[in-house]
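Enquirer: what follows is a predicted protein model with its sequence.
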Amino acid sequence: MSDEMRRRRELRRRFLERLYEQSEGGESEYLDGYELAAELGITRQDAERVVRYHEDHGFVRKSGSHGLTVRITAQGIDHVETGGE
């Protein structure tokens, strides 16, 4: 596996875990994906790519037509809690 592939996999994992933590921590159900990504040092472009990946796998759902407002789905919660198995 190339370094770039490892980096992208790590970005996806960190983003979903952080979304899970904030959602389960009693914060808003819907979160700003760009802000979440910025907290993790992820660029806006990579954030869009990460959300698209998780959306394709049913782990997150986007809301609205502007920005990157997302929420974790039950499937995403299960994925995080089982360690991605």
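Expert: That came through, no problem. Numbering: from 1, shown residues only.
Enquirer: quick one, what contacts His54?
Expert: Arg12, Phe15, Leu16, Val60, Gly76 (Cβ atoms under 8 Å, 6 or more residues apart in numbering). In short, each C-beta sits where N, CA and C put it, glycine included.
Enquirer: now intersect the residues you listed with the strands, please.
Expert: Mapping these onto strands (DSSP state E) picks out Val60.
Enquirer: poorly predicted segments of this protein, please.
Expert: Residue ranges of the chain with pLDDT under 70: 27, 85.
Enquirer: how about 50 then?
Expert: In the predicted model, the chain carries no residue with pLDDT under 50.
Enquirer: next, the spatially closest residue to Gln75 that is not a sequence neighbour: secondary structure please.
Expert: Spatial nearest neighbour of Gln75, excluding adjacent residues (Cβ to Cβ, 6 or more residues apart in numbering): Gly58 at 4.6 Å. Secondary structure for Gly58, judged by DSSP: H, G, I helix; E, B strand; the rest coil, is coil.
Enquirer: doesn't Ala74 make contact with Gly58?
Expert: No - using Cβ atoms under 8 Å, Gly58 makes no contact with Ala74, being 9.1 Å away.
Enquirer: much appreciated, bye for now.
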